[in-house]
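Asker: Test case, fold it:
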Amino acid sequence: MNPNDEVMSGGMFSEDDLIYSYTRAQALADGVLIDLSERARQCGIKYPTACTGSVWALIEATPEPDRDMHEVAEAVRISAVLFAMLGAIRRGGARGTDRVEFQALGEALYAHCGPGDDGEPVITVMMQGED
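Answerer: I've put the predicted structure just below:
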C-alpha cells in the first residue's frame, strides 16, 4: 500500500488535492537516482540504497581507457562512497537523525535514510546542498 493511499482515502486530502507525485521508483527508472543496492548489500548495508546523478557523476568522473578497468575502478569508487558512509554511521554521526555527513572521493557528501514508496527505509546518497 502506498503511504499516499491512506491520506487520500478518507483523510484530510482527496485525489483532487494532489498537485504532483514523483516516486522513488520513477526517479530510479528515469535515471534521476542510480541504484547502488547490490553493491551496498555487498558492503553490509541492508536497506535499498541509491545516489543522485551528481554523486554518480563523481563516481564516474575518471573514465578508464580500458572498459574492463573502468568497471573495476567504478566498483572501487562506489565502495569508497558506501564504506565512508558506513564509517560515519558507526562513529555515531547518525544518532538521533535521519542524515549523516561524510567525505568520499574528495567531496562532502551526505546520506539520508527515509521512507521509500511503500514506507520502507531507503538510503539516498547526495552531494551537500542537494535534497
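Asker: For the closest residue to M127 other than its chain neighbours, give me its contacts.
Answerer: Nearest non-adjacent residue to M127, counting by CB to CB, 6 or more residues apart in numbering: S54, 4.6 Å away. In this view, the C-beta of every residue, glycine as well, is placed from N, C-alpha and C. Counting by CB atoms under 8 Å, 6 or more residues apart in numbering, S54 touches 126-127, 130.
Asker: now this protein, which segments are flagged as low pLDDT?
Answerer: For the chain, the stretches flagged by pLDDT under 70 are 1-11, 13, 15, 18, 62-70, 93-94.
Asker: then the longest helix along the chain to PDB, C-alphas only?
Answerer: Scanning the chain for the longest helix, with DSSP state H as the assignment, gives helix 67-88. Presented in PDB, the C-alpha positions along helix 67-88 are these (Å, rounded to 0.1, in the frame of the first residue of the first chain):
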ATOM      1  CA  ARG A  67      36.400  -0.900 -20.400                       C
ATOM      2  CA  ASP A  68      37.200  -3.700 -18.000                       C
ATOM      3  CA  MET A  69      39.400  -1.400 -15.900                       C
ATOM      4  CA  HIS A  70      36.700   1.200 -16.000                       C
ATOM      5  CA  GLU A  71      34.200  -1.200 -14.400                       C
ATOM      6  CA  VAL A  72      36.700  -2.200 -11.700                       C
ATOM      7  CA  ALA A  73      37.500   1.400 -11.000                       C
ATOM      8  CA  GLU A  74      33.800   2.300 -10.800                       C
ATOM      9  CA  ALA A  75      33.100  -0.500  -8.400                       C
ATOM     10  CA  VAL A  76      36.000   0.700  -6.200                       C
ATOM     11  CA  ARG A  77      34.700   4.200  -6.200                       C
ATOM     12  CA  ILE A  78      31.100   3.100  -5.300                       C
ATOM     13  CA  SER A  79      32.600   1.000  -2.500                       C
ATOM     14  CA  ALA A  80      34.600   4.000  -1.300                       C
ATOM     15  CA  VAL A  81      31.400   6.100  -1.000                       C
ATOM     16  CA  LEU A  82      29.500   3.300   0.800                       C
ATOM     17  CA  PHE A  83      32.300   2.500   3.200                       C
ATOM     18  CA  ALA A  84      32.800   6.200   4.000                       C
ATOM     19  CA  MET A  85      29.100   6.400   4.800                       C
ATOM     20  CA  LEU A  86      29.200   3.300   7.000                       C
ATOM     21  CA  GLY A  87      32.200   4.700   8.800                       C
ATOM     22  CA  ALA A  88      30.300   7.900   9.600                       C
END
